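J.: Sequence and predicted structure below; questions after.
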Protein chains: 2
Amino acid sequence: MMNGLKDVPLINGTEDFATFLRGSFVEGRFVYRQNFFVRSYETGPDKTISMETLTNFLQESALNHVSSCGFSQNSFGTSYEMDLRKLIWVITRIQVQVQRYSRWGDEIEVETWIDVGGKNGTRRDWIIRDRYTKEIIAKATSKWAIMNRETRRLSKMPEEVRQELVPFYFNKFAIATEEIDQQKIQKLTDATAEGFRFGVTPGWNDMDVNQHVNNAKYTRWISESVPRKMLEDYKMTSMILEFRRECTHSDILESMTSASSKVIAASNNKYVSRKPHLQYIHLLRLQDNKTEVVRARTEWNLKQNHT
Amino acid sequence: MMNGLKDVPLINGTEDFATFLRGSFVEGRFVYRQNFFVRSYETGPDKTISMETLTNFLQESALNHVSSCGFSQNSFGTSYEMDLRKLIWVITRIQVQVQRYSRWGDEIEVETWIDVGGKNGTRRDWIIRDRYTKEIIAKATSKWAIMNRETRRLSKMPEEVRQELVPFYFNKFAIATEEIDQQKIQKLTDATAEGFRFGVTPGWNDMDVNQHVNNAKYTRWISESVPRKMLEDYKMTSMILEFRRECTHSDILESMTSASSKVIAASNNKYVSRKPHLQYIHLLRLQDNKTEVVRARTEWNLKQNHT
């Protein structure tokens, strides 16, 4: 336990306390580590946190990481050169694998770093551990692109921005490359969807400072068309979100879900025991013109007290 | 600043760090104090926290207070004698006054205590301060009753439970008694309501371990029938919620709002400058049989950057 704490700043005054809660760099300046104390209101009826809470922790550590890099503090994780050019970050894909969900009062440690991701973007990874045992409890990887905040169109990464980021790139993968799901998520249609939830309306506080629905909110909405019994008996162990367009406060969404055909095939082969118990695909789309907002694929296992 | 920190435990190891985040007793064992570091995902598009986040902080500190009293840890703030009798706490009324809303990265300090509240209940108060300047940024008072978790009916407070609580009672008011709003909130009807939002559906994670919608969630839902322009330009400075029945996961709600006639009258008199800019009343009711769930009254002031 003491080994794991060696990089954490000493808590000997109010300044250091703040540093500790905000997080700090470890492994040189490549990895940023932040501690979380799970609060009661972040847990659900089964006393564990949800995938939504977990994605909130991912966001919080990522933003603190970027602001600790010495970049501008003006916006949600933008760098100085991005601010000059009215550019913001948008997430295009995220994959999260959960080993177990934390409970109220648990202390967890989130590590995050960035790496090059394609020609015009970055990859950001996370590893979440129990702060005491150092057991890995979740891992995630994500892809980010750059958008002009006025035209709302994707932009090339300016060379000046790349120069700001390169010193922080760290070539390490939270999820082994062979486990990173590159597969495009199949599109759900009215004919193939099995669960529907109409009239999903963003609340004012679902918006972030970029004036669109914050990506962590979608995690809640994809669950809204999942059968209730599922939410009671199963826990989401894996999630992949593909973000396809922004959603603003005036949009009304439909959430659609279907059991994935893949898992039915998988249950007939010898690998069944290593497979998730259930797999779903999801679609969030605008209610008025059916434009896609988010595609998702999730895996679920029976809760431990049910097995 | 140093004076205010004198009761906070020294942070000299992992155990003390946990104590610090969970909170600890001050002023003998009467007042419980917990520190919060405001996280990015708890702020909205205007970069400040919402009333919902504030009520979450109230709940978290209250639960940590009760569990630190040496009571049973089995449920949401219940005592040992309550657990024996299958009794749980339910909130019946809460009043929150907000001076200013915190921002991402702000550190705040929440103090809470309980007192006798009527024949069969308790009163719980809170004072929220900036952790450094000690400026009071919000105050709250609430009333709690006891419910049987199987029959879901209110119960008298057994003498054994009262004996457990009495040593913690502290006769201090967070909100001056003359400022405590005792007035019954007028009931909205279809004829008097001006804003409606139908089909408000609790998500699975809106439930708490008592198997009903957690009280902090209603704060979000009463805002759902408030005109959008209001949410953009005004900030809620005061809120009173009257809880009238439980709501479970299968319930569908309607949120209704109306500008209060009182404020219109008030704007014609000489006290207008001390009055809130706007006052609303709200009703949350079940969509199918129109049973009341929550009545609320809120006050709003123009956001500072609009004045």
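T.: Nice, I can see it.
J.: can you tell me the helix or strand for the residue positioned nearest the centre of chain A?
T.: The centre of chain A sits closest to residue A:55, judged by CA atoms, centre = their mean, with a distance of 4.2 Å. Residue A:55 is located in helix A:51-68, with elements delineated by DSSP states H and E.
J.: Quick one: check that helix for contact with chain B.
T.: Yes: judged by CB under 8 Å from any CB of the partner chain, helix A:51-68 and chain B are in contact via A:52, A:56, A:59-60, A:63-64. All C-beta atoms are positioned from the backbone trio N, CA, C, and that covers glycine.
J.: rewinding a little: would you enumerate the residues in contact with the residue lying closest to the residue nearest to the centre of chain A once chain neighbours are set aside?
T.: Leaving aside its sequence neighbours, residue A:55 sits nearest to residue A:216 (CB to CB, 6 or more residues apart in numbering or on different chains; 4.2 Å). Residues counted as contacts of residue A:216 (CB atoms under 8 Å, 6 or more residues apart in numbering or on different chains) are A:52, A:55-56, A:58-59, B:41.
J.: phi, psi of residue A:113?
T.: Main-chain dihedrals, residue A:113, degrees, to the nearest 10: phi -160, psi 170.
J.: Tell me what it is bridged to.
T.: Applying DSSP bridges to residue A:113 yields these beta-bridge partners: residue A:125.
J.: Which residues are in contact with it?
T.: A:30-32, A:65, A:124-125, A:168, A:170, A:172.
J.: Likewise for residue A:247?
T.: If a contact means CB under 8 Å, 6+ apart, then residue A:247 has A:202, A:212-213, A:253, A:284, A:286, A:293 as its contacts.
J.: could you check the distance from it over to residue A:287?
T.: 11 Å (CB to CB, to the nearest Å).
J.: what's the answer for residue A:196, then?
T.: Separation of residue A:196 from residue A:287 (CB to CB): 11 Å.
J.: any shared contact partners between these two?
T.: Common neighbours of residue A:196 and residue A:287 (CB under 8 Å, 6+ apart) are residue A:254.
J.: Count residues in the vicinity of residue A:248, would you?
T.: Using other CB atoms under 10 Å in any protein chain shown, residue A:248 has 11 other residues around it.
J.: likewise residue A:214?
T.: 23.
J.: Residue A:182: neighbouring residues, count only.
T.: Residues near residue A:182, counting by other CB under 10 Å, number 8.
J.: quick one, phi psi at it?
T.: Taking degrees, to the nearest 10, you get phi -100, psi -10 for the backbone angles of residue A:182.
J.: Now do it, the pLDDT please.
T.: Confidence at residue A:182, expressed as pLDDT, is 89.
J.: Please apply the same query to residue A:82.
T.: At residue A:82, pLDDT is 93.
J.: what do you get for the one 4 residues further on?
T.: With respect to pLDDT, residue A:86 scores 94.
J.: ok, it - contacts?
T.: Going by CB under 8 Å, 6+ apart, residue A:86 touches A:148-150.
J.: Of these, grab the buried ones for ChimeraX.
T.: Buried residues among those (16 or more other CB atoms under 10 Å in any protein chain shown), as a ChimeraX selection:
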select /A:149
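J.: Considering the contacts of residue A:86, which is situated nearest to chain B?
T.: residue A:149 (13.1 Å; CB to the nearest CB).
J.: That closest one contacts residue A:89, correct?
T.: No: Residue A:149 lies out of contact with residue A:89 (CB atoms under 8 Å); the separation is 10.2 Å.
J.: Could you list which residues are in contact with the residue of the stretch 51-200 of chain A found nearest chain B?
T.: Closest contact between the stretch 51-200 of chain A and chain B, by CB to the nearest CB, is at residue A:56 (4.1 Å). Residue A:56 makes contact with A:42, A:216, B:39, B:41 under the criterion CB under 8 Å, 6+ apart.
J.: can you do 10 Å?
T.: A:36, A:42, A:49-50, A:214, A:216-217, A:219, B:39-42 (CB atoms under 10 Å, 6 or more residues apart in numbering or on different chains).
J.: Report the buried members of the residues you listed.
T.: The neighbour count (16+ other CB under 10 Å) marks A:36, A:42, A:49-50, A:214, A:216-217, A:219, B:39-42 as buried among the contacts of residue A:56.
J.: leaving aside the residues next to it on the chain, what's closest to residue A:153?
T.: That would be residue A:147: by CB to CB, 6+ apart, it lies 6.7 Å from residue A:153.
J.: List the buried residues for stretch A:69-81?
T.: Neighbour counts over stretch A:69-81 (16+ other CB under 10 Å) mark A:69, A:71-72, A:75-79, A:81 as buried.
J.: among the residues you listed, which two are most distant?
T.: The most widely separated members of the buried residues of stretch A:69-81, counting by CB to CB, are A:76 and A:81 (15.5 Å).
J.: Mind jotting down where the strands sit in the stretch 151-300 of chain A?
T.: For the stretch 151-300 of chain A, the strands defined by DSSP state E, counting those that start in this stretch cover A:154-155, A:195-200, A:234-243, A:253-259, A:278-286, A:292-302.
J.: packing partners for the first one?
T.: Just to be clear, that refers to strand A:154-155. Counting contacts by 3 or more CB pairs under 10 Å, 6 or more residues apart in numbering or on different chains; DSSP states H and E, strand A:154-155 is packed against strand A:87-98, strand A:136-148.
J.: What parts of the stretch 101-250 of chain A come near chain B?
T.: Within reach of chain B by CB under 10 Å from any CB of the partner chain, the stretch 101-250 of chain A has these residues: A:104-105, A:107, A:131-132, A:197-201, A:203-212, A:214, A:216-217, A:220-221, A:223-224, A:226, A:228, A:230-232, A:249-250.
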